[in-house]
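[1] just to be clear, the model below is a prediction. Sequence and coordinates:
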Amino acid sequence: MAREKKVEKYDVVIIGGGPAGLTAGIYAGRARLNTLVLEQSLVGGLATNTADIENYPGFPDGISGHDLADLFYKQAKKFGVNFKLTNAKSVDLTGETKVIETFRSRIEAKSVIIANGSKPRLTGAENENDYIGKGITFCATCDAAANTDKEVLVVGSGDAAIEEGMFLTKFASKVYVSIIHDEGIMDCNEVSKNAALANPKMEFLHNTMVERFEGGEELEKVILKNTKTNELIPMDLDSCFLFIGYIPNTDIYKGSVKMTDRGYVLTNANMETNIPGVFACGDVRETMLRQVATAVGDAAMAGVMAEKYIAEGEIFEDQIMNGNGVVYCYDVTNELQRDFLTKFTDIENRYPNFKYHKVDTFKSQGLMHRLGVKSCPAAVIIQNGEVVEIVDECCGAGKIESRLDECKC
Ligand SMILES: Cc1cc2nc3c(=O)[nH]c(=O)nc-3n(C[C@H](O)[C@H](O)[C@H](O)COP(=O)(O)OP(=O)(O)OC[C@H]3O[C@@H](n4cnc5c(N)ncnc54)[C@H](O)[C@@H]3O)c2cc1C
């Protein structure tokens, strides 16, 4: 008989424990929310794959990705964030209560932050799957020392490929770089390109791609193919570093969270997805730049917005949808809508049996959406905890008053 899953409840569940997930955790934990981070492999995410992070502010001498991630982790723990080293297998995010299934637990949350990041793209060459972790690697930091005085191959020419390739030259005797583009063309930034070209240990094999991986238990040979001449170039190597891009870890959200054709999650500037209470941050998001600094910036916003969403939910349940009331949804930047506040106070005095709420939608549209209001201004009339009417174009006040007369409260 299948074992019953344990049910656990949190305010916020963050899926992914990379820089984005850890930062969102710091913000949610510090806001005293009961917060859980789910991480399927290594806390710190992709950042732990890099030896030297030189462009994250606050560390003028650089810092290893591992050390930086460790600082993020300690800070999140300090604010009481809980961690579970397991993967989120499936999610149901559409309801008020968000559900995340792991192998052992059914986890319920008021809000979910998607911080799954991405995984390395593979070449698709023959025998590739046989040698992942047995010579094919995605992490120079992890595997550089084991290649001391050996010849290695890096595949790719983006920032990660070239910068990690340069790092490998500190250990390896030779670093070949397989580049799909014509002579002189690389995808990385100019500074890295010039430094790599000046590095005597690096050799660039333009117009090549991997045709096949060969070996026994471990990788022994990589066969490259010249894309112009079709010539096969066998290389005796026992390590091949793949840096040819990334694929977002978003399979579990397909069909519910809106994403691009390539699977990156779409958000607005507040990190809100198409589902209320579900936010996304970091590399998993559709964005121009994927770095630690951008991941933590996104995550700060996601953490704050999750907190706001939960607080609004409590106001909605406990104060607004409780008895009889009138909610005026307005935009504080609109003069007409602002002026109506005085008329609203008059209504308040004439009909004292209602509770009155003013919701400034310029600051947040969460309550407005919960009430079913599509545009402002609008007055929502609530009777016995239920919305009985949404009066839009309410600046005339008369329609609200006649509706309140009908309520006979
Ligand atoms: C080789 C290399 C060098 C880099 N160098 C730099 C640099 O110098 N400077 C810089 O700023 N950035 C650098 N980056 C980029 C930086 O590492 C990323 O931008 C950053 O890690 C993104 O953080 P993230 O939290 O969004 O995603 P990630 O770091 O990818 O973290 C996502 C986490 O989510 C977990 N996860 C995914 N799916 C699930 C699931 N279903 N359940 C549970 N957990 C899940 C993953 O295991 C992972 O740990 C480098 C990246 C690489 C690969």
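    The structure has been received and is ready for your questions.
[2] okay, now K374: neighbour count?
    For K374, the neighbour count with other C-beta atoms under 10 Å is 9. For glycine as for every other residue, the C-beta is placed from the backbone atoms N, C-alpha and C.
[3] what sits against it?
    D392 (C-beta atoms under 8 Å, 6 or more residues apart in numbering).
[4] and the pLDDT for the residue of the stretch 51-200 of the chain at minimum distance from the ligand?
    For the stretch 51-200 of the chain, the nearest residue to the ligand under the criterion C-beta to the nearest ligand atom is G117, separated by 2.0 Å. Confidence at G117, expressed as pLDDT, is 98.
[5] how close does it sit to R290?
    Computed as C-beta to C-beta, to the nearest Å, the G117 to R290 distance reads 9 Å.
[6] neighbour-wise, which of the two wins?
    Neighbour comparison, G117 and R290: the larger count goes to G117, with 26 against 17 (by other C-beta under 10 Å).
[7] just to check, the residue of the stretch 51-200 of the chain closest to the ligand is in contact with G282?
    Yes - in this structure, G117 is within contact of G282 by C-beta atoms under 8 Å, at 5.9 Å.
[8] what is in contact with those two at once?
    Counting by C-beta under 8 Å, 6+ apart, the contacts common to G117 and G282 are 16, 18, 20, 295.
[9] neighbour-wise, which of those residues leads?
    Neighbour counts for the shared contacts of G117 and G282 peak at A20, which has 35 neighbours (criterion: other C-beta under 10 Å).
[10] what helix or strand does it sit in?
    Secondary structure here is read from DSSP states H and E; on that basis A20 sits in helix 19-30.
[11] what's that helix packed up against?
    In terms of contacts (3 or more C-beta pairs under 8 Å, 6 or more residues apart in numbering; DSSP states H and E), helix 19-30 is packed against strand 6-15, strand 35-38, helix 65-78, strand 105-114, helix 292-315.
[12] among those, which comes closest to M166?
    The closest of these to M166 is helix 65-78. By C-beta to C-beta, the value is 15.5 Å.
[13] now the helix or strand just after that closest one: how far from the chain's centre is it?
    Once helix 65-78 ends, the next helix or strand along the chain (criterion: DSSP H and E) is strand 82-84. In terms of C-alpha atoms, centre = their mean, to the nearest Å, the centre of strand 82-84 is found 17 Å from the chain centre.
[14] give me the number of residues near G158?
    Taking other C-beta under 10 Å as the criterion, the count of residues near G158 is 17.
[15] might you report the residue contacts of it?
    Contacts for G158 were tallied using C-beta under 8 Å, 6+ apart; they are 187-188, 243-245.
[16] between those residues, identify the one with the most neighbours.
    Note: the member of those with the most neighbours is F243, at 26 neighbours, neighbours being other C-beta under 10 Å.
[17] so for it, what's the pLDDT?
    On pLDDT, F243 comes in at 95.
[18] and this structure, which residues reach the ligand?
    By C-beta under 6 Å from any ligand atom, the residues of the chain that approach the ligand are 15-21, 38-42, 45-47, 49-50, 53, 55-56, 87-88, 115-118, 160, 164, 249, 252, 282-284, 290-293, 295.
[19] show the buried residues in the residues you listed.
    Buried residues within those, counting neighbours by 16 or more other C-beta atoms under 10 Å: 15-21, 38-40, 42, 45-47, 49-50, 53, 56, 87-88, 115-118, 160, 164, 249, 252, 282-284, 290-292, 295.
[20] ok, G117 - contacts?
    Shown in contact with G117 (C-beta under 8 Å, 6+ apart): 16, 18, 20, 45-46, 248-249, 282-284, 295.
[21] could you dump the residues you listed into a markdown table with pLDDT added?
    Supplementary listing: these in a markdown table, determined by pLDDT from 0 to 100:
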| residue | pLDDT |
| --- | --- |
| G16 | 98 |
| G18 | 98 |
| A20 | 98 |
| G45 | 95 |
| L46 | 91 |
| P248 | 98 |
| N249 | 98 |
| G282 | 98 |
| D283 | 96 |
| V284 | 98 |
| A295 | 97 |
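[22] picking that back up, so which of the helices and strands packed on helix 19-30 is the most surrounded?
    Burial of the helices and strands packed on helix 19-30 is given as mean neighbour count (mean count of other C-beta atoms under 10 Å); strand 35-38 ranks first at a mean of 26.
[23] CA atoms of that strand as CSV?
    Once non-C-alpha atoms are left out, strand 35-38 reads as follows in CSV (Å, rounded to 0.1, in the frame of the first residue of the first chain):
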residue,chain,number,x,y,z
THR,A,35,9.5,29.9,4.7
LEU,A,36,10.7,26.8,3.1
VAL,A,37,13.4,26.5,0.4
LEU,A,38,13.4,23.3,-1.6
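[24] which residues does that strand contact?
    Surrounding strand 35-38, the residues in contact under the criterion C-beta under 8 Å, 6+ apart are 8, 10-17, 21-22, 25, 28-29, 43, 76, 80-84, 86-88, 100, 102, 107, 109.
[25] what's V380 in contact with, if anything?
    For V380, the set of contacting residues under the criterion of C-beta under 8 Å, 6+ apart consists of 326-327, 329, 371-373, 387, 389-391.
[26] and it, that's in a strand?
    Yes - counting by DSSP: H, G, I helix; E, B strand; the rest coil, V380 is part of a strand.
[27] what's the closest non-adjacent residue to it?
    In this structure, V380 finds its nearest non-sequential neighbour in V327, 4.3 Å apart by C-beta to C-beta, 6 or more residues apart in numbering.
[28] neighbouring strands - and their directions - for whichever strand or helix holds the one you found?
    With the criterion set as DSSP H and E, the secondary-structure element containing V327 is strand 325-330. In its sheet, strand 325-330 lies beside strand 355-360 (parallel), strand 378-383 (antiparallel), with partners assigned from DSSP bridges.
[29] export that strand as PDB, just CAs?
    Backbone C-alpha positions of strand 325-330 (Å, rounded to 0.1, in the frame of the first residue of the first chain) are rendered in PDB as follows:
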ATOM      1  CA  GLY A 325     -18.700  46.900   3.900                       C
ATOM      2  CA  VAL A 326     -17.800  49.200   1.100                       C
ATOM      3  CA  VAL A 327     -14.400  49.200  -0.500                       C
ATOM      4  CA  TYR A 328     -13.300  52.200  -2.600                       C
ATOM      5  CA  CYS A 329     -10.600  51.100  -5.100                       C
ATOM      6  CA  TYR A 330      -8.800  54.200  -6.500                       C
END
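[30] understood, closing this out.
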